[in-house]
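Undergrad: here is a sequence with its predicted model. Questions after.
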Amino acid sequence: MATEASDLHLGPDQYPLLRTAGQLHPVPGEDRLSGDELRQLTAELIQRGDAAQLEDSGDLDGAVTSDGVRYRFNVFRRNRELCVAL
């Protein structure tokens, strides 16, 4: 799917959201991510970063590379739940 989205936002028990022109829109055809699915994803991202920073400041910035493309991420807490922006 081609899109001009700048970010992908993931929260527990929420539909994935794309930020396009400053507005958040659900990703068509995608189901809500369960809290367990999101915790698994954040655990993988946190392994790549500094878990102590997440505990101290409530968020963690980092990057991952897939197929030669670098993706930046931010793991943060909202209502005591971990969320991710890519």
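TA: Cool, the structure landed.
Undergrad: contacts, neighbours, all on C-alpha from now
TA: Will do.
Undergrad: against which helices or strands is the longest helix anywhere in the chain packed?
TA: Of all the elements of type helix in the chain, the one with the most residues (DSSP state H) is helix 35-48. Counting contacts by 3 or more CA pairs under 8 Å, 6 or more residues apart in numbering; DSSP states H and E, helix 35-48 is packed against strand 59-66, strand 69-78, strand 81-85.
Undergrad: how about the CA coordinates for the least confident helix or strand in the chain by mean pLDDT, as CSV?
TA: For the chain, counting by mean pLDDT, DSSP states H and E, helix 51-57 ranks last in confidence among helices and strands (a mean of 84). Only the C-alpha atoms of helix 51-57 are listed here, as CSV (Å, rounded to 0.1, in the frame of the first residue of the first chain):
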residue,chain,number,x,y,z
ALA,A,51,15.6,-0.2,29.1
ALA,A,52,16.8,1.9,32.0
GLN,A,53,16.1,5.0,30.0
LEU,A,54,12.5,3.8,29.5
GLU,A,55,12.1,3.3,33.2
ASP,A,56,13.6,6.6,34.1
SER,A,57,12.1,9.0,31.6
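Undergrad: now the longest helix of the chain: buried residues?
TA: Using 16 or more other CA atoms under 10 Å as the burial criterion, the residues of helix 35-48 that qualify are Gly35, Leu38, Arg39, Thr42, Leu45, Ile46.
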